[in-house]
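S.K.: give me a 3D structure for the following:
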Amino acid sequence: MVKSEIVAQLKERIINKTLNLIDVREQVEYAQGHVPGAVNMPLSNFESSCESLSKDKTYHIICQSGGRSVQAAAYLSNKGYDVVNVVGGTSAWTAPLERGCM
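M.R.: I've put the predicted structure just below:
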């Protein structure tokens, strides 16, 4: 079972960039606005891009509302990664979003 937290529980750590936040939305969606500090790893090529992740870290996975992030989190969890699905996703973020690609 994949762990989950709501955006509000993570807000301070997100703002302070003290967690590893992965946004699995497509690059165009990400560029239009993402939670500050999030790294874009689109679900469409997630299997190959996630190979660069370390099993020694915890990753928080976010998307627009929680559907794609739970898929990515389950995939990583099954591969032995420590992951947390961010419930509510970017839609639940109440502070300003960053724009552009990282």
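
S.K.: please, where are all the strands along the chain?
M.R.: 3-6, 20-23, 39-40, 58-62, 82-87 (DSSP state E).

S.K.: and the second one, what does it pack onto?
M.R.: In terms of contacts (3 or more Cβ pairs under 8 Å, 6 or more residues apart in numbering; DSSP states H and E), strand 20-23 is packed against strand 39-40, strand 58-62. From N, CA and C alone the C-beta is placed, and that goes for glycine too.

S.K.: what mean pLDDT does that strand have?
M.R.: For strand 20-23, the mean per-residue pLDDT is 96.

S.K.: which residues touch it?
M.R.: By Cβ atoms under 8 Å, 6 or more residues apart in numbering, the surrounding residues in contact with strand 20-23 are 14, 30, 34-35, 37-41, 57-63, 72, 86, 90.

S.K.: and what of the longest one?
M.R.: With Cβ under 8 Å, 6+ apart as the contact definition, strand 82-87 has outside contacts at 2-7, 10, 21, 55, 57-62, 66, 69-70, 72-73, 76-77.

S.K.: can I get the helices and strands packed on strand 20-23 in JSON lines including mean neighbour count and mean pLDDT?
M.R.: JSON lines is the format used below for the helices and strands packed on strand 20-23 (neighbours: other Cβ atoms under 10 Å; pLDDT from 0 to 100):
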{"stretch": "strand 39-40", "mean neighbour count": "15", "mean pLDDT": "96"}
{"stretch": "strand 58-62", "mean neighbour count": "24", "mean pLDDT": "97"}
